[in-house]
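A.B. asks: Generate coordinates for the sequence data below:
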Amino acid sequence: MTAGTEVRNVEPRPQDPPLAVPGKLGPWFAAAAALGLISSILFRTLPIDSLHWAARFALALLPAPALIGVALAARRTAHQMDELERRIQLEALAAAFGVAGVVFLLFSQFQVAGMLGPEDWFIPWLAVWGGYVLGLAGARRRYQ
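C.D. replies: This is a model prediction of the structure:
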């Protein structure tokens with residue numbers, strides 16, 4: 001050892017499970033999912049064509065406040081992460097972004113072909129979420 005260098009015992013960080021949603025994000029995710037589900041149900045049950053455009057607009061924006069809350073809470077949570085956790089999250093988001101590009105392109109192609117309708121909007125989002133989860137699990141395993 002050189003002069004001025006000391007060895008400290010560093011306790012290992014407890015590992016978060018790969019599917020963990022940080023505490024501040026959980027309620028916002030739940031609210032966004034609930035409002036999105038309510039909006040989707042209303043779109044399927046109400047006579048949408050007979051509604052005024054302002055009512056359709058308001059209905060489409062129903063989940064927006066909760067989604068803004070998710071974004072703000074994620075930003076606050078990211079500022080509290082250490083460098084390694086930020087890197088892990090960045091790799092997970094990069095995986096989700098790649099999946100999103102492919103899946104949304106294919107989804108639009110299937111819609112043009114008449115094989116999927118607007119009611120199938122959840123399919124690409126499930127794939128994006130799966131890409132994030134797989135990217136997160138892979139990055140956590142890589143940096144163990």
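
A.B. asks: and stretch 68-86, which residues are buried?
C.D. replies: Across stretch 68-86, burial judged by 16 or more other Cβ atoms under 10 Å covers 69-70, 73-74, 77, 85. Bear in mind the C-beta positions are built from the backbone N, C-alpha and C, glycine included.

A.B. asks: ok, and what's touching the helix or strand that contains G138?
C.D. replies: Element membership for G138 (DSSP states H and E) is helix 122-142. For helix 122-142, contacts defined as Cβ atoms under 8 Å, 6 or more residues apart in numbering pick out 15-16, 18-19, 87-89, 91-96, 98-100, 103-104, 107, 116.

A.B. asks: Now for this protein: which helix has the highest residue count?
C.D. replies: helix 83-112 (DSSP state H).

A.B. asks: and the worst-scoring helix or strand of the chain on mean pLDDT, how far out from the chain's middle?
C.D. replies: Of all helical and strand segments in the chain, the minimum by mean pLDDT, DSSP states H and E falls on helix 26-45, at a mean of 75. Helix 26-45 sits 15 Å away from the centroid of its parent chain (Cα atoms, centre = their mean, to the nearest Å).

A.B. asks: Which elements pack onto it?
C.D. replies: For helix 26-45, the elements it packs on are helix 53-60, helix 64-79, judged by 3 or more Cβ pairs under 8 Å, 6 or more residues apart in numbering; DSSP states H and E.

A.B. asks: before we move on, the earlier item: what comes up buried for the helix holding G138?
C.D. replies: Buried residues in helix 122-142, counted by 16+ other Cβ under 10 Å: 124, 127-128, 131-132, 135-137, 139-140.

A.B. asks: Among the helices and strands packed on helix 26-45, which one carries the weakest average confidence?
C.D. replies: Mean pLDDT values for the helices and strands packed on helix 26-45 show the minimum at helix 64-79, a mean of 80.

A.B. asks: Adding distance to R44, write the helices and strands packed on helix 26-45 out as JSON lines.
C.D. replies: Shown next, in JSON lines, are the helices and strands packed on helix 26-45 (distance: least, Cβ to Cβ, whole Å):
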{"stretch": "helix 53-60", "distance to R44": "11"}
{"stretch": "helix 64-79", "distance to R44": "19"}
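
A.B. asks: Tell me which of those approaches F29 most closely.
C.D. replies: Ranking those by proximity to F29 (Cβ to Cβ) places helix 64-79 first, at 6.1 Å.
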